[in-house]
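Visitor: Below is the structure, and that's it, no one-letter string:
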């Protein structure tokens, strides 16, 4: 069982709360002078405003610099061709979202190069393949600080620290492997052939006839069509998504085996139904909850899930099963059978951490 420190939202500034939390329990005592600390985060797709706040990032940077470290922010390029699929666009998006040196006091770097090809091969813990393709920047990281905006996710169920590491640090080739099982399908009786899905498909896998037609050989499984469709006419096949999730756990294991020193901070605010990979921001599902801090990637995500599931649901959310919103928010949002207990059990079996935790209120 691992400790997870919980600092709830209160009348105190979130910035002050973050600062106090980072100084608690000696969790950053293993940061040494001169350590290159990679702060893994997601700057949000261009147009998304629910991503992690750069002001919070600055607090993290300041606390690391107090210990003599050399922190930098980083992420790897996306598989789909929006505003983070190459380093130039990725930098521009980061800067437009406030992740500039003047704001966060550290540089933002792209971990797999201009075109997403700068990668290294790591031995995966298990899975379909024994190689994980990871952004090359991992070779220069002495200490990994995983800073995650916790929210729901289309096929992970929740997007937490595990997804931030396993999917986020994969190179483009790695992301293609991780997405290879996921193929959405068109619900014919809901489709009105408006063509919006085809316009936003980065791999030109959709054509419009009487209804949308999806070419599964061309589809990369990014999910842009699912979120773009206003009529709920395109849905993930959850049985396939489970395989992608499993592979992401194996990638996470390969990454954690590479970097000995690690800390995790989950930010439970602006908890939206979808990932920050979409250039839109939907109504939050629950009120802001607070911050979680831990040395255990599984425990911190398990605790985050439990806190969100216990929170009162908000109005204005596009629930598929509204009657379940107070009992099972995943089922209510996506009408899926995703089982987070199975997810955390497998993560524990792989050796990523403990799914049982001791929640310590700060």
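Guide: Yep, it's here. Fair warning: this is a prediction, and the values are worked out from it, not measured in the lab. Residues are numbered from 1 along each chain as shown.
Visitor: Okay, residue 294 and residue 14: tell me how far apart.
Guide: The gap separating residue 294 from residue 14 is 18 Å, by C-beta to C-beta, to the nearest Å. All C-beta spots, glycine's among them, are computed from the backbone N, C-alpha and C.
Visitor: Between those two, which is the more surrounded one?
Guide: Comparing residue 294 with residue 14 by other C-beta atoms under 10 Å, the one with more neighbours is residue 294, at 30 against 19.
Visitor: Let me see the backbone angles for that one.
Guide: The phi and psi torsions at residue 294 (degrees, to the nearest 10) take the values phi -160, psi 170.
Visitor: Isn't it up against residue 1?
Guide: No - in this structure residue 294 lies outside contact range of residue 1 using C-beta atoms under 8 Å: 11.5 Å.
Visitor: what touches both of those two?
Guide: Common contacts of residue 294 and residue 1, defined by C-beta atoms under 8 Å, 6 or more residues apart in numbering, comprise residue 357.
Visitor: can you pull out the strands in the stretch 251-362 of the chain?
Guide: Counting by DSSP state E, counting those that start in this stretch, the segments of the stretch 251-362 of the chain that form strands are 261-268, 290-294, 357-361.
Visitor: Summarise which helices and strands the stretch of helix or strand residue 173 belongs to is packed against.
Guide: Assessed by DSSP states H and E, residue 173 sits inside helix 172-179. On a contact count with 3 or more C-beta pairs under 8 Å, 6 or more residues apart in numbering; DSSP states H and E, helix 172-179 meets strand 131-135, helix 238-258.
Visitor: how distant is the last one from the center of its chain?
Guide: Centre-to-centre, helix 238-258 and its host chain are 13 Å apart (C-alpha atoms, centre = their mean, to the nearest Å).
Visitor: cool, and stretch 254-265?
Guide: Per C-alpha atoms, centre = their mean, the centroid offset for stretch 254-265 relative to its chain is 16 Å.
Visitor: re earlier: out of the strands of the stretch 251-362 of the chain, which is the most enclosed?
Guide: Among the strands of the stretch 251-362 of the chain, strand 290-294 has the highest mean neighbour count (mean count of other C-beta atoms under 10 Å), at a mean of 25.
Visitor: which stretches of the stretch 101-250 of the chain have low pLDDT?
Guide: Counting by pLDDT under 70, the stretch 101-250 of the chain shows low-confidence ranges at 125-129, 227, 236-240.
Visitor: mind listing the strands for it?
Guide: 108-110, 119-123, 131-135, 143-149, 151-153, 157-159, 185-186, 206-208, 212-214, 234-235.
Visitor: Could you list the buried residues of the second one?
Guide: Neighbour-count burial for strand 119-123 flags 119, 122 (criterion: 16 or more other C-beta atoms under 10 Å).
Visitor: and what of the third one?
Guide: Residues of strand 131-135 classed as buried: 132, 133, 134, 135 (neighbour count, 16+ other C-beta under 10 Å).
Visitor: Same check on stretch 11-25?
Guide: Buried residues in stretch 11-25, counting neighbours by 16+ other C-beta under 10 Å, are found at 14, 17, 18, 21, 22.
Visitor: how long is that stretch from one end to the other?
Guide: 23 Å (C-alpha to C-alpha, to the nearest Å).
Visitor: what's the distance between it and the middle of its chain?
Guide: Centroid displacement of stretch 11-25 relative to its chain, using C-alpha atoms, centre = their mean, is 22 Å.
Visitor: contacts for that stretch?
Guide: Residues beyond stretch 11-25 that count as contacts (C-beta under 8 Å, 6+ apart) turn out to be 3, 5, 7, 9-10, 28, 53, 55-56, 59-60, 62-63, 265, 269, 290-291, 293, 362.
Visitor: List the contacts of the residue lying closest to residue 187 once chain neighbours are set aside.
Guide: When the adjacent residues along the chain are set aside, residue 187 lies closest to residue 233, with 4.9 Å between them (C-beta to C-beta, 6 or more residues apart in numbering). Contact partners of residue 233, counting by C-beta under 8 Å, 6+ apart, are 186, 187, 188, 190, 191, 192, 211, 212.
Visitor: From what I see, the fifth one and residue 214 are in contact.
Guide: No - if you go by C-beta under 8 Å, residue 191 and residue 214 don't touch, sitting 10.5 Å apart.
Visitor: Determine the residues that are contacts of both of these two.
Guide: Contact criterion C-beta under 8 Å, 6+ apart; residues bridging residue 191 and residue 214 by contacting each: residue 234.
Visitor: Please tell me how far the residue located most distally from the centre of the chain sits from residue 68.
Guide: Centroid-distance maximum for the chain: residue 210 at 35.6 Å, with C-alpha atoms, centre = their mean. Using C-beta to C-beta, one obtains 64 Å as the distance from residue 210 to residue 68.
Visitor: Enumerate every residue touching the residue lying closest to residue 251 once chain neighbours are set aside.
Guide: Take residue 251 and drop its neighbours on the chain: the residue closest to it by C-beta to C-beta, 6+ apart is residue 166, 4.2 Å away. Contacts were defined as C-beta under 8 Å, 6+ apart; by that measure residue 166 touches 178, 248, 249, 250, 251, 252, 255.
Visitor: thinking again about what came up before, correct me, but the residue farthest from the centre of the chain touches residue 186?
Guide: No - between residue 210 and residue 186 there is no contact, the gap being 10.9 Å when judged by C-beta under 8 Å.
Visitor: ok, back up a step: which one of the contacts of residue 233 is nearest residue 305?
Guide: Ranked by distance to residue 305 (C-beta to C-beta), these are led by residue 187 at 28.1 Å.
Visitor: Now for the closest one, how many residues are close by?
Guide: Taking other C-beta under 10 Å as the criterion, the count of residues near residue 187 is 15.
Visitor: how much space is there between it and residue 97?
Guide: Applying C-beta to C-beta, the value for residue 187 to residue 97 is 34 Å.
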